[in-house]
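Engineer: What follows is a predicted structure for the sequence shown.
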Amino acid sequence: MYDRIEIFQLAHGLASHAGARQAKIAGNIANADTPDYRAQDLKPFAETYQAQRSDTALRRTRDSHGFGADPSALTFQTIDRPGASAPNGNTVSLETEMMKATEVRQAHEMALSVYQTSLGILRTSLGRGR
């Protein structure tokens, strides 16, 4: 029942995006010395979410209502991150990757915060308190 509430699906999608993006960043760091390796990233979650929604005006609360993408079932598109290339053709900058890893950690924490807050609101509305 609770897995069909859109805010929980959205929080799950955001957390999944953060996890997939962290994996790309780890791959970039692992290939920091690989010749001709191009740094990779994922499209931002907001762009992915909007691109995969068939109708941005309607929200679906039940399978039979409205149209729209399930945020927890989004597919994330890998993109090459532009940047200066080293003499061996590699575009990975360890400083940039560390900053991106911090951004991803913050996005994951935000997803967890949205989930926890929504769960608290749901519990309060049911009269069970926090």
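Structural biologist: All right, it came through fine.
Engineer: C-alpha only now, for contacts and for neighbours.
Structural biologist: Noted.
Engineer: ok, Glu80 - contacts?
Structural biologist: Actually, residue 80 is Asp. It isn't Glu. Contacts were defined as C-alpha atoms under 8 Å, 6 or more residues apart in numbering; by that measure Asp80 touches 38-41.
Engineer: Pick out the residue nearest the middle of the protein.
Structural biologist: His17 (2.3 Å; C-alpha atoms, centre = their mean).
Engineer: That one is in contact with Ala46, isn't it?
Structural biologist: No: the pair formed by His17 and Ala46 falls short of the contact definition of C-alpha atoms under 8 Å, at 10.2 Å.
Engineer: follow-up on the earlier one: and which of the contacts of Asp80 is nearest to Gly13?
Structural biologist: Asp41 (16.7 Å; C-alpha to C-alpha).
Engineer: how far away is the closest one from Gln9?
Structural biologist: To Gln9, Asp41 is 23 Å away according to C-alpha to C-alpha, to the nearest Å.
Engineer: Pick out whichever of those two has more residues nearby.
Structural biologist: Between Asp41 and Gln9, Asp41 has the larger neighbour count (other C-alpha atoms under 10 Å), namely 23 against 18.
Engineer: buried sites along the helix or strand encompassing Thr117?
Structural biologist: Per DSSP states H and E, Thr117 falls inside helix 94-125. In terms of neighbour count (16 or more other C-alpha atoms under 10 Å), helix 94-125 has its buried residues at 97, 100-101, 104-105, 107-108, 111-112, 114-115, 118-119.
Engineer: Is it possible to get a markdown table of those residues that adds distance to Ala30 and pLDDT?
Structural biologist: Compiled in a markdown table, the buried residues of helix 94-125 are given as follows (distance: C-alpha to C-alpha, whole Å; pLDDT from 0 to 100):
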| residue | distance to Ala30 | pLDDT |
| --- | --- | --- |
| Glu97 | 11 | 94 |
| Lys100 | 15 | 95 |
| Ala101 | 13 | 96 |
| Val104 | 17 | 96 |
| Arg105 | 18 | 97 |
| Ala107 | 22 | 95 |
| His108 | 22 | 96 |
| Ala111 | 26 | 94 |
| Leu112 | 27 | 94 |
| Val114 | 31 | 93 |
| Tyr115 | 32 | 91 |
| Ser118 | 37 | 90 |
| Leu119 | 37 | 89 |
